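[1] coords please:
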Amino acid sequence: LFVESGGGLVQVGGSLNLSCTAPRFSLKYYTVGWFHQAPGKEREGVSCISRSGGDTIYSDSVKGRFTISRDDVKNIVYLQLNSLKPEDTGNYYCAADPFRSIQALCTSPRDIWGQGTQVTVSS
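    I've put the predicted structure just below:
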């Protein structure tokens, strides 16, 4: 349903730009979010963006370092990761919902996931 890409291996302080697309439908009608699952931990919301792109939220752990954005022409939602830390390591997934607010999506996404993209931050 979702295709995530852009992950990789970076050093502490490095940057990555993750992409989320949905080959079978248009994301422009959806609230979209990014979620992080660290090794051995549950998946948690990192950032979500409204359908208009005008509203965004971030978890406290990434605020000021990550930026979510969307390009509805390209049907992609991005997550720019800067100043990466070892605790940012894990698999990153995106999810979308046509009805939920950014707060609701980031805290309670539907259980529909792509394969994710792996981010590894080495120290």
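
[2] Return the distance of the helix or strand containing I57 from the chain's centre.
    I57 is located in strand 56-58, with elements delineated by DSSP states H and E. On the basis of CA atoms, centre = their mean, to the nearest Å, strand 56-58 sits 11 Å off its chain's mean C-alpha point.

[3] Going forward, count from 41.
    Let's use 41 as the start, then, which means that last one is strand 96-98.

[4] what secondary structure does the residue nearest in space to the middle of the chain sit in?
    For the chain, W74 is the residue whose C-alpha lies nearest the centre (CA atoms, centre = their mean; 2.2 Å). The three-state assignment at W74 reads strand, by DSSP: H, G, I helix; E, B strand; the rest coil.

[5] what sits against it?
    58, 60, 85-88, 108, 117, 119, 132-134 (CB atoms under 8 Å, 6 or more residues apart in numbering). (Each C-beta comes from the backbone N, C-alpha and C, glycine too.)

[6] Quick check: pLDDT value at it.
    Predicted confidence (pLDDT) for W74: 98.

[7] is it in a bridge, and if so with what?
    S87, C134 (DSSP bridges).

[8] Tell me how far it lies from G156.
    10 Å (CB to CB, to the nearest Å).

[9] got the contact list for the closest residue to K81 other than its chain neighbours?
    Closest residue to K81 apart from its sequence neighbours, by CB to CB, 6 or more residues apart in numbering: G130 at 7.6 Å. Contacts for G130 (CB under 8 Å, 6+ apart) come out as 76-79, 81, 158-159.

[10] Can you flag the buried ones in these?
    Taking 16 or more other CB atoms under 10 Å as the criterion, what is buried in these is 76, 159.

[11] what about the helices in the protein?
    Secondary structure of the chain (DSSP state H): helices at 142-147.

[12] sorry, back to before: any chance of the contacts of W74 in a markdown table, with pLDDT too?
    Listed next are the contacts of W74 as a markdown table, based on pLDDT from 0 to 100:
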| residue | pLDDT |
| --- | --- |
| L58 | 98 |
| C60 | 98 |
| G85 | 97 |
| V86 | 98 |
| S87 | 98 |
| C88 | 98 |
| I108 | 98 |
| V117 | 98 |
| L119 | 98 |
| Y132 | 98 |
| Y133 | 97 |
| C134 | 96 |
